[in-house]
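Asks: model this:
(chains A, B and C)
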Amino acid sequence: MSKSVNIKDLNVYYSDFMAVQDVTMDIAPRSVTAFIGPSGCGKSTLLRTLNRMHEVIPGAHVQGQVLVDGDDLYGAGVDPVTVRRQIGMVFQRPNPFPTMSIKENVLAGVRLNNKRIPRATAEALVEKSLQGANLWNEVKDRLDKPGQGLSGGQQQRLCIARAIAVEPEVLLMDEPCSALDPISTLAVEDLINELKDSYTVVIVTHNMQQAARVSDKTAFFNIAGTGKPGRLIEYSDTTTIFNNPVQQATEDYVSGRFG
Amino acid sequence: MSESSRVGPRMSAATKARPADRIFRLLSTSAAVSIMVILAGVALFLIVRSLPAILANWQTTPELSTGPTGGFASFFSYVGPLAFGTVWASVIALLMATPVAVGIALFISHYSPRKLAGFLGYIVDLLAAVPSVVFGLWGILVMRPFLLPMQVWLNEYLGWIPLFSGKVTSTGSSILTGAVVLAVMVLPIITSISREIFLQTPKLHEEAALALGSTRWEMIRLTVFPYARSGVVSAILLGLGRALGETMAVAMIISPAILVSFKLTTEGENSQTIASNIALNFPIASGLQRDALIGTGLVLFVISLAVNMLARLILNAKPGGRKLWVRPRTEPRAKAIAIAAAEAGAETAIDTSQRSPAGRS
Amino acid sequence: MSGSGTLKIPATRNRLTTGQLPRFASLYTLGVAFVLAAAVMGLIGFNAFGLAAFTSVFYLILISALSTAIENRRKAMDRFVRGLVTVAFLLALAPLVSTLWTVFSKGIGIISPAFVFTSGGSPTINPNTLEIVSSPGALQAIVGTLEITGLATLFSVPIGLLTAIYLVEYAAPTFWLRRVVNFLVDVMTGIPSIVAGLFAFSLFSLLVGPKAFSGLSAAVALSVLMIPTVVRSSEEMLRLVPADLREASYALGVTKYVTIMRIVVPTAIAGLATGVTLAIARVIGETAPIFMAASFTDAFNGNPLNGPMQTLPVMAYTGYKFPGQDIALSNDQAWGAALLLVALVIVLNLIARIIAMIFAPKTGR
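Replies: Prediction:
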């Protein structure tokens, strides 16, 4: 249930403004890939193009290809809704649906897509997803309580449970720990390590230690200056990026000399 | 999870048509378009109905030369004094309401204890919830006798000022009484908008002024007033818009005539307002006379549109002003209550549209 | 504001407080002003409003003078303005309290189950005493008010809510239709209520003919006033729904329509319902448009499609302006109707608050 992602000559635009230029990279299935780089370098933008979430912003469009196991996300006639059902996303800030209980939140993706599932299947799915998100033991006694009553870290893991309940091929995470305290961050990082057994995980992070801890491969992005597009500077094994990068800019960044 | 649902559609497969999505989009778009239709309808029907009376020769048309429309050379000589009366009564009301309203807004935003501010604002908004017919009854019963001695005094001692000259009212049914009641009615609008704007003053500016050793009043004069000036002007204009269209309080209180008069304390020769004139004469008017009244309504429509649009233009030009859709009567509370309700759920509120695309990392 | 900390400071005056009025100076000044005002009242005759007015004036003069003498002009000005805005606030309370009290005290006398549950018919002559008997009753007005506002709500809420959804969820910020609709909603809020009544009358008189008065017509008039209110409050509430929630929903592969109906609207439902309730509270007290469009009648008419209908605000108006033979009774009925109307408005406002509390998203914390 995990697929490879191949990005080919991708340019991303907001109206006329080019935000990301000429990215080509291959992401292997069952791995964790981290996107790092200074603010405004286009890493979040690139991430959002992997499940066409950037289209939520009016005027955003891309040139190039994103292939998921060979199928082009931007091919003619591809419905972004279909894309998003297969490529899940977890956001910077935990965003459980406030009108729903913990259980309903987990089932939201299935239910809102008008799939009717038997009660027993639903219960099993809730337990499986929450266990997959390392949250089951903490919430199993209060599944009918509102999701917003959980702590920030729990909420974020609930969002991860919600995302994996629809069994996506790829899981995108946009700075999933930036709004969390260190202990919650640790819980989510542990979870990411487990998730890669079943999913292709792509994570954007500002935190270089985090990238070093959780990812197999790391991509470093940078911009030449304000108003210039972001570019992929270096993409390699995480150990290579952090220990002996090829590019001077990468070394400057990971050693903390700028950014 | 059943295995069957795992077999998702292939990415390149043809898009499944989603008719519900399209129908709903169409539905909400047509609702938006219907706003245009309704407004066009309002203007169109008023014009169609009133055109015969506007174009008629009032002296040779028997229906128009008698009854409520009798004694006027043309539609324009009929509506002229009424338009004057409308603006005159509203302006006097505003002159009284504005200082008090701005004072209240300042009291709530900068002087009252923080914890009480919301409650005090609610009290003032409550004033907006009272139906205008109730203010009319109250004006008749309470304000007329209450203001009568003052008007007699004004007439007696300040009668040399043209405003207070003439034969003083014996019942209190003067334009001054009407304007006081109008002032009470427009007070909450001006207050709630001014209050919002005062509260929007950048905290940094305020603190900078206080840090320089300003007293609270100096801080307000230095930072709050310059920041809020245009907003308060538009608040006053919105209040004016409300006063212009107010019918019942004026119709019930003043004892009018269709003429141009600046006298404040007389009765039977107060300048009549358009709205009040329509309300009083509509039941007794017939055919063409009704058309004439509808014509005056059209003039009122145009005047208040002009005032409201001016107010909006000023307000919308202000950063953050677009959000001040606060409008006559009860809405300020709607907003306050609902925001309080939503805040509990909206702790994660980030407006994506406000993040600039370039700011995305 | 004495010094604190481990160091024991002798009970001398803090030098930071020199040249300042003592803490309760304004309270004492107020007392003095009150006594002075009472004395003036004693001279020219007592009157509660006069007492309050003179107290305020004396207080403002005294505090400014005191502060100028002991502190400085800047502080004096500050104290003067503080007093002035407080007086402004109290001044606004006077009409509110007075209005509510007047309506209550004048209206309560006639309120009875009979007044609420029977309709006051046209006056009849008692054959035995040959007296004209008119029975008080407001049922026809209550039914009329509920039917007309109900219909108006039925017209306004779908149009208003869908327009708000269009503005918030569908229209791109720079799209011409959005800008036009935004502008027109502003224009629509500026329509004087009587003009809405004239519009409904013109519309129905052209469609139906001379006998144009009906509850339906009044409902159309009220809708013209209600739609912009509903659009604006709904728009505001929908915008408060965090964009994160929409994104979370889209990221699960949920379609836009389902996202709006199952995520956005339920999240905003408290605000939406509150806004609608307050919009109803606003139009329920409208007199002029209903008067133009539905005219008035003493007879019971439960059919909004045909013939004049009575409503509470119009009853309050006509009871004073066009009283029946028994003028005193008409006036009493007017106050009774006014009291019922105010009660209705207050109840609607309370409902709005309760809705806001009940439907507010629960945190469960």
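Asks: Give me the nearest residue to B:T169, chain neighbours excluded.
Replies: Using C-beta to C-beta, 6 or more residues apart in numbering or on different chains and skipping the chain neighbours, the partner closest in space to B:T169 is B:E267 (3.9 Å). To be clear about C-beta, it is placed using only N, CA and C from the backbone, and glycine gets the same treatment.
Asks: hang on, that neighbour packs against B:T177?
Replies: No. With contact defined as C-beta atoms under 8 Å, B:E267 does not reach B:T177; the gap is 9.2 Å.
Asks: Return every residue with contacts to both of the two.
Replies: Taking C-beta atoms under 8 Å, 6 or more residues apart in numbering or on different chains as the criterion, B:E267 and B:T177 both touch B:T169, B:I254.
Asks: low pLDDT regions in the chain?
Replies: Answering for chain A, as no chain was given. Counting by pLDDT under 70, chain A has low-confidence residues at A:1, A:258-259.
Asks: wrong one, chain C
Replies: Across chain C (using pLDDT under 70), the flagged ranges come out as C:1-19, C:45-46, C:121-127, C:129-134, C:359-365.
Asks: Might you enumerate the residues of the stretch 151-300 of chain C proximal to chain A?
Replies: Contact residues, the stretch 151-300 of chain C versus chain A (C-beta under 8 Å from any C-beta of the partner chain): C:172-173, C:242, C:244-255, C:258-259, C:262-263, C:266-267, C:269.
Asks: show me where the stretch 151-259 of chain A has helices.
Replies: For the stretch 151-259 of chain A, applying DSSP state H, counting those that start in this stretch gives helices covering A:152-165, A:182-195, A:208-214, A:238-243, A:248-254.
Asks: so B:A56 makes contact with B:L64?
Replies: Yes. Between B:A56 and B:L64 there is a contact under C-beta under 8 Å: 6.0 Å.
Asks: neighbour-wise, which of the two wins?
Replies: B:L64 (26 against 17; other C-beta atoms under 10 Å in any protein chain shown).
Asks: how far away is the more buried one from B:S77?
Replies: Separation of B:L64 from B:S77 (C-beta to C-beta, to the nearest Å): 12 Å.
Asks: Whatever residue of the stretch 151-300 of chain B ends up closest to chain C - how many residues pack around it?
Replies: Proximity of the stretch 151-300 of chain B to chain C (C-beta to the nearest C-beta) peaks at B:G245, 2.6 Å away. Neighbour count for B:G245, taken as other C-beta under 10 Å: 27.
Asks: Which element, helix or strand, includes C:P22?
Replies: Of the helices and strands defined by DSSP states H and E, none includes C:P22.
Asks: Run a quick neighbour tally on it.
Replies: 10.
Asks: quick one, phi psi at it?
Replies: Main-chain torsions, C:P22, degrees, to the nearest 10: phi -60, psi 160.
Asks: So for B:E267 and B:T177, which residue has more residues nearby?
Replies: In this view B:E267 and B:T177 are compared by other C-beta under 10 Å, and B:T177 has more residues nearby, 31 against 22.
Asks: pLDDT of the helix or strand containing that one, averaged?
Replies: Using DSSP H and E, B:T177 sits in helix B:175-200. On average, the pLDDT along helix B:175-200 is 89.
Asks: and the residue nearest to C:A294 when sequence neighbours are not counted, how many neighbours does it have?
Replies: The shortest distance from C:A294 to any non-neighbouring residue, by C-beta to C-beta, 6+ apart, is to C:A218 (3.8 Å). The number of residues packed near C:A218 is 35, by other C-beta under 10 Å.
Asks: Show me where chain B has its helices.
Replies: B:19-55, B:62-65, B:75-106, B:114-129, B:132-138, B:144-157, B:175-200, B:203-211, B:216-219, B:225-245, B:248-253, B:274-281, B:287-316, B:331-345 (DSSP state H).
Asks: Restricting to C-alpha, output the fifth one in CSV.
Replies: I take that to be helix B:132-138. Taking C-alpha atoms only, helix B:132-138 is exported to CSV below (Å, rounded to 0.1, in the frame of the first residue of the first chain):
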residue,chain,number,x,y,z
SER,B,132,-39.0,52.1,16.6
VAL,B,133,-42.7,52.1,17.2
VAL,B,134,-42.0,51.6,20.8
PHE,B,135,-39.7,54.6,20.8
GLY,B,136,-42.5,56.4,19.1
LEU,B,137,-45.0,55.6,21.9
TRP,B,138,-42.3,56.5,24.5
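Asks: Quickly check: that helix near chain C or not.
Replies: Yes. Using C-beta under 8 Å from any C-beta, helix B:132-138 reaches chain C at B:S132, B:V133, B:V134, B:F135, B:G136, B:L137, B:W138.
Asks: May I see these organised as TSV, with pLDDT and neighbour count added?
Replies: Formatted as TSV, the residues of helix B:132-138 next to chain C follow (pLDDT from 0 to 100; neighbours: other C-beta atoms under 10 Å in any protein chain shown):
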residue	pLDDT	neighbour count
B:S132	89	26
B:V133	91	30
B:V134	92	27
B:F135	92	26
B:G136	91	29
B:L137	91	28
B:W138	92	26
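Asks: Dump those residues into JSON lines; add distance to B:S255 as well.
Replies: Converted to JSON lines, the residues of helix B:132-138 next to chain C look like this (distance: C-beta to C-beta, whole Å):
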{"residue": "B:S132", "distance to B:S255": "18"}
{"residue": "B:V133", "distance to B:S255": "18"}
{"residue": "B:V134", "distance to B:S255": "20"}
{"residue": "B:F135", "distance to B:S255": "17"}
{"residue": "B:G136", "distance to B:S255": "14"}
{"residue": "B:L137", "distance to B:S255": "16"}
{"residue": "B:W138", "distance to B:S255": "17"}
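Asks: list the contacts for the spatially closest residue to B:A257 that is not a sequence neighbour?
Replies: Using C-beta to C-beta, 6+ apart and skipping the chain neighbours, the partner closest in space to B:A257 is B:E269 (5.2 Å). Residues in contact with B:E269 (C-beta under 8 Å, 6+ apart) are B:G166, B:A257, B:L259, B:S261, B:K263.
Asks: Kindly provide the distance from B:E269 to B:S276.
Replies: 15 Å.
Asks: my read: C:A138 touches C:M315, true?
Replies: Yes. When contacts are counted by C-beta under 8 Å, C:A138 is listed as touching C:M315 (6.5 Å).
Asks: how about the helices in chain C?
Replies: C:25-44, C:48-70, C:73-107, C:113-117, C:139-165, C:176-189, C:193-207, C:215-240, C:243-251, C:256-258, C:265-284, C:288-294, C:312-321, C:327-359.
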